[in-house]
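> generate coordinates for the sequence data below:
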Amino acid sequence: MCEDDKLTIEQNAGRFLFGKGHCSVMNHYRLLEHTADMGVEGEAETLAALFQLMAQGVMKIVTDCPDILATQRIALQIEGADIEDLLVGWLSEVLYLLEGREFLAADFQIDKIEDNHLEAAVYGELYDKNRHYLLREVKAVTYHQIKVKLVDGQWLGR
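This next block holds a predicted model:
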C-alpha cells in the first residue's frame, strides 16, 4: 500500500489516494449532514381517528394554509401487509395527491379500517398559487420508527 493511503480524513479533507507504489488513482467522498427528517406522532381513541390525525399531521408539515376548501372529494382504498404498512400506504397516498395531482387536503374521513385494508375519502381542492403556499417538500413517507399500537385503550402512532 502507498504511504498516502494512510492519511486521515482530517489530514486529507476526505480524499484518499490509492495505487501501487506511486499512488496514481484518486478517489474521494463527502459527508452529508441530514437534518431534513420530520415525523408525526399521534394519539387517538380509535384507529380511524389516529389515521385521520396522522394525515392531518403530514399536511401540517407541508402547509399551514388556513383557507384550503373542501370542495372536492377523492375516494381511496389502500391495502397493506399489516397496520404499519397500511399507515405508510395511507400517508403516501395523501402525499401523492399533493405532489402528483396538486390536490391540497383539507379533511379526511375514514370509512372502514382493518388490519390490512382502508377505505377513506380525502376532501380538499386543487393547489392555487394565488391562495395557497407550501412550507416544504416531503419527498416520501418512510418506515423509519413506524409504530401503530393500542396502549391502555389509546391508539398510538408514529
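
> just the strands in the chain please.
15-18, 25-28, 42-44, 72-79, 103-113, 117-126, 148-151, 154-157 (DSSP state E).

> can you tell me which of the ones you listed is nearest to Gln52?
strand 103-113 (4.7 Å; C-beta to C-beta). All C-beta spots, glycine's among them, are computed from the backbone N, C-alpha and C.

> what angle sits between the closest one and strand 117-126?
160 degrees (axes from the mean of the first three to the mean of the last three C-alpha atoms, to 10 degrees).

> CA atoms of strand 103-113 as PDB?
Taking Å, rounded to 0.1, in the frame of the first residue of the first chain, the C-alpha atoms of strand 103-113 are listed here in PDB:
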ATOM      1  CA  PHE A 103     -54.500  18.400  -4.500                       C
ATOM      2  CA  LEU A 104     -54.400  20.000  -1.100                       C
ATOM      3  CA  ALA A 105     -56.300  18.000   1.500                       C
ATOM      4  CA  ALA A 106     -58.400  19.900   4.000                       C
ATOM      5  CA  ASP A 107     -60.200  17.000   5.700                       C
ATOM      6  CA  PHE A 108     -60.100  13.200   5.900                       C
ATOM      7  CA  GLN A 109     -62.800  10.700   6.500                       C
ATOM      8  CA  ILE A 110     -62.000   7.100   7.300                       C
ATOM      9  CA  ASP A 111     -65.000   4.900   6.300                       C
ATOM     10  CA  LYS A 112     -63.600   1.500   7.000                       C
ATOM     11  CA  ILE A 113     -60.300   0.300   8.500                       C
END
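
> which neighbouring elements make contact with that strand?
helix 47-62, helix 83-101, strand 117-126 (3 or more C-beta pairs under 8 Å, 6 or more residues apart in numbering; DSSP states H and E).

> quick one: mean pLDDT over the second one.
Model confidence over helix 83-101, given as mean pLDDT, is 96.

> pull out the buried residues from that helix.
For helix 83-101, the neighbour count (16 or more other C-beta atoms under 10 Å) marks 83-91, 93-95, 97-98 as buried.

> which single one of these is nearest to Tyr127?
Leu98 (7.5 Å).

> and the most centrally placed residue in the chain, what does it touch?
By C-alpha atoms, centre = their mean, the chain has its centre lying nearest to Val141, at 2.6 Å. Residues near Val141 by C-beta atoms under 8 Å, 6 or more residues apart in numbering: 58, 88, 91-92, 95.
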